[in-house]
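> Just to be clear, the model below is a prediction. Sequence and coordinates:
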Amino acid sequence: MNRVSKFYGLYNDMICLLSQRLVANVLSVVLLLFSFSVPSMAGGVIRVCLDESEWYPFTFVKYGAASGIHIDIIKHASGRIGMPLVFVAMPWKRCLREASQGRVDAVATASYNDDRAAFLKYPDDASLAGKSPHRVMQVEYVIVTMSNDSFEFDNNIEDIPRPVRAPRGYSVVADLNKLGIPVDDNAASDEINIRKLLREGRGTVVVIPEMAEKLNQNPAYKGKLKISQKPWKSKSYFLPFSKKSRISDQDIRRLWDEIEKVREDSLFMAEQARKYSIN
């Protein structure tokens, strides 16, 4: 009976998981079709794409809906000034490609680099070092190694253990390449890179600290990872708009200005911190 009970328990878990994925996929398709059938603004919506891979707690997909602190900030800002949005999740490289072709209006969210600036509109100060007032949020990156690795990051990025891993299409890959550090960017997500780190038993994963902590609490990885205390890099993340979008520059600036006000709302941000706390 115990074996039968375990079998049916596992069967029910599998059915539940498949049902959740089916609902998420159907919702994503519906939102995608809806977003492409409604004109931007002028009574319609602003179409915003995001990476379908989990980037907790900033952007991720839950039951087919865009979620995360960055998404909540953008939604709150757009709602306060009456600018309706539709979010569509897709692979990151496709998200950028859709923006370059004007099939989506904006990207949630992206740091600045010259390649993206060729087809995306950023705030005027986005290319400067430091924290931009029009950022959605500032995001740090940390170095993750095996727990039995004696390495501790001390601000010398050239010393980090090889191979260095980061998801494909992410700006940190280009940042590291500019420093002469080759990056394994074959994986689509941070979790896949963590699995590669544990499987190969050597090297580094460059990831945001919040995602590193979340994965470190996963029973499959708990106690196996070491997160260096000093962050490697801090970057401003924005809601950039496609240069082919029909959203006016005036409306774009209005939304960026409102995002700044929302981000500076300490009560709202404290609520978001509690909402996405992993403790």
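Received it, and whenever you're ready, just let me know what you need.
> can you list contacts of stretch 223-234?
131, 138-147, 149, 151-155, 157, 172, 175, 194, 197-198, 206, 209, 212-213, 215-216 (CB atoms under 8 Å, 6 or more residues apart in numbering). Backbone N, C-alpha and C define where each C-beta goes, glycine included.
> Could I have the ChimeraX command that selects the buried members from those residues?
Buried subset of these, written as a ChimeraX selection, criterion 16 or more other CB atoms under 10 Å:
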select :139,141,142,143,144,145,146,149,153,157,172,175,194,197,206,209,212,213,215,216
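> Sort out which of the contacts of stretch 223-234 are in strands and list them.
138, 139, 140, 141, 142, 143, 144, 145, 146, 206 (DSSP state E).
> ok, which pair from the residues you listed is furthest apart?
138 and 146 (28.3 Å; CB to CB).
> which stretches of this structure have low pLDDT?
1-44, 279 (pLDDT under 70).
> Now do the helices in it.
Under the criterion DSSP state H, the chain contains helices at 2-37, 69-80, 92-100, 114-117, 171-178, 190-200, 209-216, 249-263, 266-275.
> For the fourth one, buried residues please.
For helix 114-117, the neighbour count (16+ other CB under 10 Å) marks residue 116 as buried.
> does the residue nearest to residue 176 when sequence neighbours are not counted have beta-bridge partners, and which?
Once flanking residues are discounted, residue 176 sits nearest to residue 183: 5.0 Å by CB to CB, 6 or more residues apart in numbering. Per DSSP bridges, the residues bridged to residue 183 are residue 164.
> Let the chain start at 163 from now.
From this message on, residue numbering opens at 163, which makes the last subject residue 345.
> how many neighbours does residue 345 have?
21 (other CB atoms under 10 Å).
> Now do the contacts for it.
325, 326, 327, 328, 335, 338, 339, 368.
> The last one reaches residue 337, doesn't it?
No. Because the distance of 9.1 Å does not satisfy CB atoms under 8 Å, residue 368 is recorded as not touching residue 337.
> List of residues touching stretch 271-283?
By CB under 8 Å, 6+ apart, stretch 271-283 touches 212, 220-221, 232, 236, 258, 261-262, 269, 284, 288-289, 298-299, 301, 333, 336, 397-407, 411, 414.
> okay, how far is it across it, tip to tip?
12 Å (CA to CA, to the nearest Å).
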